[in-house]
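Chemist: Could you look at this predicted model? Sequence included:
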Amino acid sequence: MEQFKGQPRLPKFAIPKRYDLRLKPDLSSCKFAGSVSIEIDIVADTHFIVLNAAELSVNPGSVSFSLRNSSKVFEASKVELVEEDGILVLDFAETLPLGLGVLAIGFEGVLNDRMKGFYRSTYEHNGEKKNMAVTQFEPADARRCFPCWDEPACKATFKITLDVPSELVALSNMPILEEKVNGPLKTVSYQESPIMSTYLVAVVVGLFDYVEDHTSDGINVRVYCQIGKANQGKFALNVAVRTLELYKDYFAVPYALPKLDMIAIPDFAAGAMENYGLVTYRETALLYDEQHSAAANKQRVATVVAHELAHQWFGNLVTMEWWTHLWLNEGFATWVSYLATDSVFPDWKIWTQFLDESTDGLRLDGLAESHPIEVEINHAAEIDEIFDAISYRKGASVIRMLQSFLGAECFQRSLASYIKKHACSNAKTEDLWAALEEGSGEPVNKLMNTWTKQKGYPVVSVKVKDQKLEFEQSQFFSSGSHGDGQWIVPLTFCCGSYDKKKSFLLQTMSETHDVKEFLSDINKSGIAHSWIKLNVDQTGFYRVKYDEELAARLRYAIENKYLTATDRFGILDDSFALCMARQLPLTSLLTLMGAYREELEYTVLSNLISITYKVGRIVADARPELMDDMNQFFVNLFQYSAEKLGWDAKQGESHLDAMLRGEILTALAMLGHEETLNEACSRFHAFLNDRNTPLLSPDIRKAAYVAVMQKVNSSNRAGFESLLRVYRETDLSQEKIRILGSLASCRDQGIVLEVLNFALSSEVRSQDAVYGLAVRQEGREVAWTWLKDNWDHIAETYGSGFLITRFVSAVVSPFASFEKVKEVEEFFASRKKASIARTLKQSLERVHINASWVQSIEKEKNLAEAVLELAHRKY
């Protein structure tokens, strides 16, 4: 018995082939009963069968094993469920014969409210609160619904039957085979599924409306949502049909199931889940309301739908062998969702926006507490924490880097052959590299191992010396410390023009390239073409550090609009990272930021805005006396674009301008810009009188809400009360989240505490509480005290699962003192949880980095003069 405990994987005595699963959920008592018959192949001598189960009560009398072609039945002499390992150990009195047999188990469970396993979600219908039953099994929670071999490599077919109230809609992965109504209950049985992993099995039972359409090859596609919201599913439906067609061509394999359902679930922990043939979503990731959704919401729906549908091939048809290879699923689906979105909405310039993904990956991976893309997973409890920016965003970024290195056509061809080879089976990272190596003739395995098997990435330093470019790589850490990592880096650079591009693999720590022919041309054409830019269009996952002369030329090129948006983004982002790592003075970063005052490109400005927030917070800690001038400089930076965009949408303007307007106005409101605050408040009042007023379109609502909260304090609460009223009246999740994300931006600490308590109240679905944690500098201490006071409740509500990590990172990371590190460590010393261990270390490392950065800015000479000059510079 003991030999099975504490193991990362199940023993290999038996292999499941087919599940016949019957479930009967009771939506009023929130319990369910079930039975499963599993066809298994006994492949080794054993009197044990060990499979996964958790939080289920198994009736020992219902457990039996029978042989396929004999009447003999083996009863289990001992049935033990080991809760901490999520395993069910069945001990039989005699050794089981080799070959095929059927294992039967009866069980009962609770429809929990923790958004995992077989759980309940609540909704309102005709003013009455009702429950629906939903499954969420990835990564390791199918075992909470039925006993099974809950590992991705244990693929089998599934025959599912549900007993449910007659008036409800009951969905599963496959189309309905038959439905028998028997008074108040009906029995719904579904077609048997193709071979698939347990984490992709799905069941949803509730009241729903739907809209439907078909692909050109007859796949029936539906979007299900709450009664009365069907129209909000039309946009996602259109994207889904077009995306399925696109993937069929791209992967050169048709979609494998007869139907695809997508359904909006009111309580949902993740963004969405790619269950085979029945994809579940948060409402914000699937529903789009023409009148009340913003452009950013539309884009979110499109990219999430494209991501989940990519999984139908990459993940569902070909599945990772173990969670170590999770990044193959997530990194790939993230990358290919941009490919699909770009094809369907070319005017969104989505590949430029992809840089936000890369930056998130680079930010996390610059920490010593990061992890490699491929992580050893030794226990199911560790899996949740790797659903992070490394698996998704670094994963997607290194795939983009590889595709850019190999070329799009070669990459696509090799992928199609990988999918054909591993369809209906499992694969490891090496299998993908092998297919790409075979298709390209390049040393893909050797190159990519440096990116997936070690954590971190390089910063490539470049300088000009005697008509040569000198390149040097070293591991980048946001803390400024030195690492000994070494990478094979696909380097690209342009000199003075995009027509002159060179690329090579940097395989050593340093290398020199002769650029005589480039430089002689430059001398003829003067300063305008003397710039040199590395990592052209930011396709590589690394940072670049230029010497002072090259940096000055790039600044000139930015001011004169010689560079692409992606390159302007990269130079800014790398400089910010180098400044945080104390390898570039703040004065240099601010001077560079000044070169972006006429920037109009959404992605570049969006990053500039978030950099101003971060720099502002650090300077407020280091040199508070400079803040007035600092804020004036930031306001000046955004003035040009704010005036160009105005408050009201222009006829025929782009999707990107609509998104930018909201972000720029929100930034000006956060900076306390008086004209913006006044205009926002007057528009908000018009909105309170008429929710359909053209004066407050969805794209600028967040800005107005933030502006309203800047004027709120304990003696002037009207704006706060009005926003709570709007929150309570809307049934659109996107609107609720816009409000929730604005409330905590108030400067009044008493109000901030009320907002934090509201986020934990029953008025906010537990999946959304984290949106209420976005406090200003002034609210950090309040939030920390609140987290400590409410920790037991938070730990109980969010238990295990990745949402709890958001509370820790949001509240702890903004601090910037070494004393705070000690205080946080002491608090959590007695409250250790496996599910937050990694996040806590990462958050404390960020506090350390902030504190060191504050110390260096306190000592920086000439900073006050530089800030004063930038704040009052006349352009």
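Modeler: Right, received. Where do you want to start?

Chemist: What residues of stretch 425-441 count as buried?
Modeler: By 16 or more other C-beta atoms under 10 Å, the buried positions in stretch 425-441 come out as 426-437, 439-440. C-beta: built from backbone N, CA, C; applies to glycine.

Chemist: can you list contacts of it?
Modeler: Stretch 425-441 has contacts (C-beta atoms under 8 Å, 6 or more residues apart in numbering) with 152-153, 155, 318-321, 324-325, 327-328, 374, 402, 406-407, 410-411, 413-415, 417-418, 421-422, 442-445, 448, 452.

Chemist: Quick one: mean pLDDT for that stretch?
Modeler: Taken as a whole, stretch 425-441 has a mean pLDDT of 96.

Chemist: ok, Val726 - how many residues close by?
Modeler: 18 (other C-beta atoms under 10 Å).

Chemist: show me what contacts it?
Modeler: Val726 neighbours (C-beta under 8 Å, 6+ apart): 688, 735, 739.

Chemist: Now, the contacts of stretch 425-441 that are in strands?
Modeler: When DSSP state E is applied, the contacts of stretch 425-441 are split such that 318-320 fall in strands.

Chemist: max-length helix in this structure?
Modeler: Of all segments of type helix in the chain, defined using DSSP state H, the longest is helix 837-859.

Chemist: in that one, what counts as buried?
Modeler: Here helix 837-859 shows 837-840, 842-854, 856-857 as buried, counting by 16+ other C-beta under 10 Å.

Chemist: in the stretch 251-400 of the chain, which spans are strands?
Modeler: Here the stretch 251-400 of the chain has its strands, by DSSP state E, counting those that start in this stretch, at 259-265, 272-273, 278-282, 318-320.

Chemist: elements contacting the longest one?
Modeler: Judged by 3 or more C-beta pairs under 8 Å, 6 or more residues apart in numbering; DSSP states H and E, strand 259-265 is in contact with strand 220-225, helix 234-251, strand 278-282, helix 295-311.

Chemist: repeat for the shortest one
Modeler: Other elements packing on strand 272-273 under the criterion 3+ C-beta pairs under 8 Å, 6+ apart are strand 278-282, helix 295-311.

Chemist: Make JSON lines out of these and add mean neighbour count and distance to Thr161.
Modeler: Listed next are the helices and strands packed on strand 272-273 as JSON lines, based on neighbours: other C-beta atoms under 10 Å; distance: least, C-beta to C-beta, whole Å:
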{"stretch": "strand 278-282", "mean neighbour count": "25", "distance to Thr161": "16"}
{"stretch": "helix 295-311", "mean neighbour count": "24", "distance to Thr161": "26"}
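
Chemist: could these go into TSV alongside distance to Lys533 and mean pLDDT?
Modeler: Below are the helices and strands packed on strand 272-273 laid out as TSV (distance: least, C-beta to C-beta, whole Å; pLDDT from 0 to 100):
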stretch	distance to Lys533	mean pLDDT
strand 278-282	39	98
helix 295-311	28	97
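
Chemist: Next, the contact list for Lys5, please.
Modeler: 82, 84-85, 87.

Chemist: any idea how far it is from Ala142?
Modeler: Distance, Lys5 to Ala142, by C-beta to C-beta, to the nearest Å: 20 Å.

Chemist: Please apply the same query to Leu100.
Modeler: On the measure of C-beta to C-beta, Leu100 and Ala142 end up 22 Å apart.

Chemist: Please apply the same query to Asn173.
Modeler: Remark: distance between Asn173 and Ala142 (C-beta to C-beta) = 12 Å.

Chemist: Farthest pair within the contacts of Lys5?
Modeler: Using C-beta to C-beta, the contacts of Lys5 span at most 9.2 Å, a distance reached by Glu84 and Ile87.

Chemist: Between those two, tell me which one has more neighbours.
Modeler: Per other C-beta under 10 Å, whichever of Glu84 and Ile87 has more neighbours is Ile87, with 24 against 10.

Chemist: hang on, isn't the more buried one packed against Leu10?
Modeler: Yes - with contact taken as C-beta atoms under 8 Å, Ile87 and Leu10 are classed as touching, separated by 7.2 Å.

Chemist: anything in contact with each of those two?
Modeler: 50-52.

Chemist: Nearest to Tyr250, out of these: which one, please.
Modeler: Among those, Asn52 lies closest to Tyr250 (C-beta to C-beta), at 34.8 Å.

Chemist: Please report how far the nearest residue to Gln538 once chain neighbours are set aside lies from Arg543.
Modeler: Spatial nearest neighbour of Gln538, chain neighbours left out: Gly570 (4.2 Å); criterion: C-beta to C-beta, 6 or more residues apart in numbering. Gly570 sits 9 Å away from Arg543, going by C-beta to C-beta.

Chemist: Same question for Phe48.
Modeler: In terms of C-beta to C-beta, Phe48 sits 53 Å off from Arg543.

Chemist: Over to Gly594?
Modeler: For Gly594 relative to Arg543 (C-beta to C-beta), the value is 21 Å.

Chemist: Of these two, which one has the most company?
Modeler: Higher neighbour count among Gly594 and Arg543: Arg543, with 23 against 19, using other C-beta under 10 Å.

Chemist: Could you give the backbone dihedrals for the closest residue to that one other than its chain neighbours?
Modeler: In this structure, Arg543 finds its nearest non-sequential neighbour in Val459, 4.2 Å apart by C-beta to C-beta, 6+ apart. The phi/psi pair for Val459 (degrees, to the nearest 10) reads phi -110, psi 130.

Chemist: Now distance to Leu863 too, for the helices and strands packed on strand 272-273, in JSON lines please.
Modeler: As requested, these are exported to JSON lines (distance: least, C-beta to C-beta, whole Å):
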{"stretch": "strand 278-282", "distance to Leu863": "44"}
{"stretch": "helix 295-311", "distance to Leu863": "35"}
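
Chemist: now for these, which one comes closest to Leu870?
Modeler: Proximity to Leu870, assessed across the helices and strands packed on strand 272-273 by C-beta to C-beta, is greatest for helix 295-311 (30.0 Å).

Chemist: So what's the gap between the closest one and the chain middle?
Modeler: 12 Å (C-alpha atoms, centre = their mean, to the nearest Å).

Chemist: Quick one: residues in contact with that helix.
Modeler: Counting by C-beta under 8 Å, 6+ apart, residues outside helix 295-311 touching it are 235-236, 239-240, 243-244, 247, 260, 262, 271-274, 279, 281, 284-288, 329, 332-334, 336-338, 340-341, 344-345, 348, 350, 655, 658-659, 662, 698-699, 734.
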